[in-house]
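**Student:** sequence below, structure please.
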Amino acid sequence: MADLSETAAFPFICEGGLVANRSTFIMQPGQALQLENFEPDIEGGYKRVQGFQRHIRAVVPHASSSDEKVLMVTTFENKILAGRGEKIFSSASTSLGRGATNSIAANTAMTGSGTITVFSTSGFSSSGTLQINSEIFTYTGVTSTTFTGVTRATSGTSAAAHTSSSDTTRTVVSESWTERDTGRTSAGKYSFERFNFDGNSKIVVVDGVNAPTVFNSALSATDVSNSAVLGASIVASYREHMFYAGMPLTGNSGPQEIVFSQPFDEDAFSSGSGAGSIKVDDTVVGLKVFRDGLFIFCENRIFKLTGSSLSDFAVQPVTRDIGCINGKTIQEFAGDLLFLGPDGLRTVAGTANIGDVELGTISSNVQSLFDENISEANVFDSVIIPEKTQYRLFFSKAGDSEGRTEGLICVLKNQQGGNKGYEFSTLKGIKPSCTDTFIDAGDIIVLHGGFDGYIYRQEEGTTFDGAAILGKYRSPDLTMNDPGIRKHMQRIIVNYKPESTIDADMFVRYDYESANSPRPAAYPLDSTAIAGIYGTATYGTPTYGGPSQPLLRQPVEGSGFAVALRVNDGGSTPAYSLKGFQLEYQLGARR
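**Tutor:** Purely as a prediction, here's the structure:
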């Protein structure tokens, strides 16, 4: 048995996120040299990201080619709206009810009298067509939580077994797509704004080519008739006016002009009733309401519009030296505005003085990622996940496959000492063509449209729509404050928080992964000593009453002057967090 009387311990917590701009020699122990498909966890540590799955089982119909990507996805009046090609469609989505009694067996007969129990039928038509996985059903009636008069295995599909939803999985039930608007030509990626000027909920969509279109709560479409806003690609509601921008250069307007409607009417533009226009000296790429102003993001400048009506609207510069290179990256995030500038992610933050703003860059730790990708920034997209204080930026390039598409995660979290800090990691395997986040009665719905024509919901499941989520973590090269002393490794204690079984391996590497250094085989991370989760645990596998954040004591082999830890995740299990490590070693000779 090894003599551990002279064993030293080197503990550290996982904190600081991905750092790609410093030598590993001066990085903090908790920072990461590689952090892919792990996200900085607001509860501490690095958490393997969750998956995504199809939110609508059927593909959005294409207009002329199956290669058409989804140009818009959002939610409105309990419906999913999607734009593809030259048309806009609606559908609805829910999930099978929880509990084994709500599962559907393959041999269950449904011939016009069946019932399917779901979480909610809100947004669905009173009769129509459903799809669960690859099986298509018809129904003739609804209650608040059931479809009635169900016939299964229609449209040439086969009856199959469908499991009920649970805490960790959701069995999607969606209706067929309904065409809501057509007659558009050469539409680009959409922007949209939900609003309510007169007690009726509406949404206005713009696509950079056609007239803005307004949908009422019944999803009846009306085009905005004024030629000055034809081809708008940007829209925002501010002080009960609708602001349109991003128009092509014509005799009526141009890319430097912002046209606003008269109050409480998105389709009325009489100057005598309060409508008007504003010009700035740069191309407008985005509009965002923030606190008491409307921020106007341009390619090389940023302005702020204040006031409440035509009589007192005023534009003042925020900066004339920094612009936004993609309006789709502008998000309100953690009390600030976040956007992509030419030098990475920046914030527009309110200062202590009323009306003042300040600009700051936050992404210096991962600047190399922007340097590698920013030349194609016009196709990037972004989304926020509020409950995680998380911003995601996707480098969605047309020529890359989904599996090779990269992205960036930015999280604002509390760190040791009570300070807040931005931490980063990378994504690989999500390729959105458009995105949206919507909060519905406390349920945060994060959607993206795909280049393949499907609508997906993020933060669901354990795979990327069936593809494994390959997570990678690598620590800095740890010298325990003395790179001249050899460390004979004895044991590594891993602190982590699992939700179920784990499919991951830990590797110990020495001396900056030199080819001449020891390379021990993988050590599997084991989660059999965790508390059972009611309804999902297998009897005899977890230990009843075990710790929810266990300490795995793993004996290890090898020695070196510097030690690095790797965790490679197989990507087919529920998410878990790496909280920290303790390296235990004995001192050897000095080099």
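**Student:** only C-alpha atoms from now on, for both contacts and neighbour counts.
**Tutor:** Noted.
**Student:** can you give the contact residues for the helix or strand where residue 296 lies?
**Tutor:** In this structure, residue 296 sits in strand 293-298 according to DSSP states H and E. Applying CA atoms under 8 Å, 6 or more residues apart in numbering, the external contacts of strand 293-298 come out as 238, 282-289, 302-307, 323-325, 327.
**Student:** count of neighbours near the nearest residue to residue 294 once chain neighbours are set aside?
**Tutor:** With sequence-adjacent residues excluded and distances taken as CA to CA, 6 or more residues apart in numbering, residue 294 is closest to residue 305, at 5.0 Å. Using other CA atoms under 10 Å, the number of residues around residue 305 comes to 19.
**Student:** so who does residue 305 touch?
**Tutor:** Contacts for residue 305 (CA under 8 Å, 6+ apart) come out as 293-296, 313-316.
**Student:** by neighbours, which of those residues wins?
**Tutor:** Ranking the contacts of residue 305 using other CA under 10 Å puts residue 296 first, with 26 neighbours.
**Student:** now the helix or strand harbouring residue 173, how far from the chain's geometric center?
**Tutor:** Using DSSP H and E, the element containing residue 173 is strand 172-175. Offset of strand 172-175 from its chain centre (CA atoms, centre = their mean, to the nearest Å): 21 Å.
**Student:** output it as CSV, nothing but the C-alphas.
**Tutor:** Extracted in CSV, the C-alpha atoms of strand 172-175 (Å, rounded to 0.1, in the frame of the first residue of the first chain):
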residue,chain,number,x,y,z
VAL,A,172,-43.8,16.2,-28.8
VAL,A,173,-47.4,16.4,-30.1
SER,A,174,-47.8,18.9,-33.0
GLU,A,175,-50.3,19.8,-35.6
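**Student:** strands paired with it, and their directions?
**Tutor:** Applying DSSP bridges, strand 172-175 is found paired with strand 93-95 (antiparallel), strand 128-132 (antiparallel).
**Student:** to residue 513, which of these lies closest?
**Tutor:** Of all the strands paired with strand 172-175, it is strand 93-95 that lies closest to residue 513, at 47.4 Å by CA to CA.
**Student:** for the helix or strand following that closest one, packing partners?
**Tutor:** Following strand 93-95 in sequence order, the next helix or strand is strand 111-117 (DSSP H and E). Helices and strands touching strand 111-117, by 3 or more CA pairs under 8 Å, 6 or more residues apart in numbering; DSSP states H and E, are strand 146-151.
**Student:** and the strand it packs on, what does it pack onto?
**Tutor:** Other helices and strands packing on strand 146-151, by 3+ CA pairs under 8 Å, 6+ apart, are strand 111-117, strand 135-139, strand 141-142.
**Student:** not counting sequence-adjacent ones, nearest residue to residue 448?
**Tutor:** Leaving aside its sequence neighbours, residue 448 sits nearest to residue 435 (CA to CA, 6+ apart; 4.2 Å).
**Student:** from residue 591, how far out is that neighbour?
**Tutor:** Counting by CA to CA, to the nearest Å, the gap from residue 435 to residue 591 is 54 Å.
**Student:** now swap in residue 392 and tell me
**Tutor:** In terms of CA to CA, residue 392 sits 45 Å off from residue 591.
**Student:** these two: which has the busier surroundings?
**Tutor:** For residue 392 and residue 591, the more surrounded residue by other CA under 10 Å is residue 392, and the numbers stand at 21 against 8.
**Student:** before we move on, back to that, from what I can see the residue nearest to residue 448 touches residue 384, true?
**Tutor:** No: using CA atoms under 8 Å, residue 435 is not in contact with residue 384, being 9.5 Å away.
**Student:** shared neighbours of those two, anything?
**Tutor:** residue 446.
**Student:** dump stretch 283-301 to CSV, restricted to CA.
**Tutor:** Presented in CSV, the C-alpha positions along stretch 283-301 are these (Å, rounded to 0.1, in the frame of the first residue of the first chain):
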residue,chain,number,x,y,z
THR,A,283,-26.4,52.4,-42.3
VAL,A,284,-28.9,51.2,-39.7
VAL,A,285,-28.5,47.5,-38.8
GLY,A,286,-30.7,47.3,-35.7
LEU,A,287,-33.2,49.0,-33.3
LYS,A,288,-33.6,48.0,-29.7
VAL,A,289,-35.7,49.6,-26.9
PHE,A,290,-33.6,49.8,-23.7
ARG,A,291,-34.7,51.6,-20.6
ASP,A,292,-36.0,55.1,-21.6
GLY,A,293,-34.6,55.2,-25.2
LEU,A,294,-34.6,53.5,-28.6
PHE,A,295,-31.0,52.6,-29.5
ILE,A,296,-30.1,52.9,-33.2
PHE,A,297,-27.3,50.5,-34.1
CYS,A,298,-25.4,51.3,-37.3
GLU,A,299,-22.5,49.7,-39.0
ASN,A,300,-20.0,52.2,-37.5
ARG,A,301,-22.0,54.2,-35.0
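**Student:** can you list the buried residues in that stretch?
**Tutor:** Of the residues in stretch 283-301, 283-290, 293-301 count as buried by neighbour count, 16 or more other CA atoms under 10 Å.
**Student:** list of residues touching the strand holding residue 173?
**Tutor:** 54-58, 91-96, 118, 124, 128-133.
**Student:** next helix or strand past it?
**Tutor:** Counting by DSSP H and E, the next helix or strand C-terminal to strand 172-175 is strand 178-181.
**Student:** so what does that next one touch, helix or strand wise?
**Tutor:** Packed against strand 178-181 by the contact rule (3+ CA pairs under 8 Å, 6+ apart) you find strand 87-91.
**Student:** quick one: contacts of the strand it packs on?
**Tutor:** With CA under 8 Å, 6+ apart, strand 87-91 has contacts from 56, 60, 63, 79-83, 124, 174-184.
**Student:** 7 Å - rerun?
**Tutor:** With CA atoms under 7 Å, 6 or more residues apart in numbering as the test, strand 87-91 has contacts from 79-83, 175-182, 184.
**Student:** with stretch 230-245 instead?
**Tutor:** 190-193, 197, 206-212, 229, 246-248, 255, 257-264, 266, 284, 286-289, 294, 308.
**Student:** among those, which are in helices?
**Tutor:** Among the contacts of stretch 230-245, no residue falls in helices (DSSP state H).
**Student:** can you pull out the helices in this protein?
**Tutor:** In the chain, the helices defined using DSSP H lie at 367-373.
**Student:** which stretches of it have low pLDDT?
**Tutor:** Across the chain, the ranges flagged by pLDDT under 70 are 1-5, 251, 350-358, 527-549.
**Student:** let's see it at 50
**Tutor:** Scanning the chain for pLDDT under 50 picks out the ranges 1, 352, 354, 529-546.
**Student:** can you give me the strands for the stretch 151-300 of the chain?
**Tutor:** Taking DSSP state E, counting those that start in this stretch as the test, the strands found in the stretch 151-300 of the chain are 172-175, 178-181, 191-195, 202-206, 213-215, 221-223, 234-238, 241-245, 257-260, 276-279, 284-290, 293-298.
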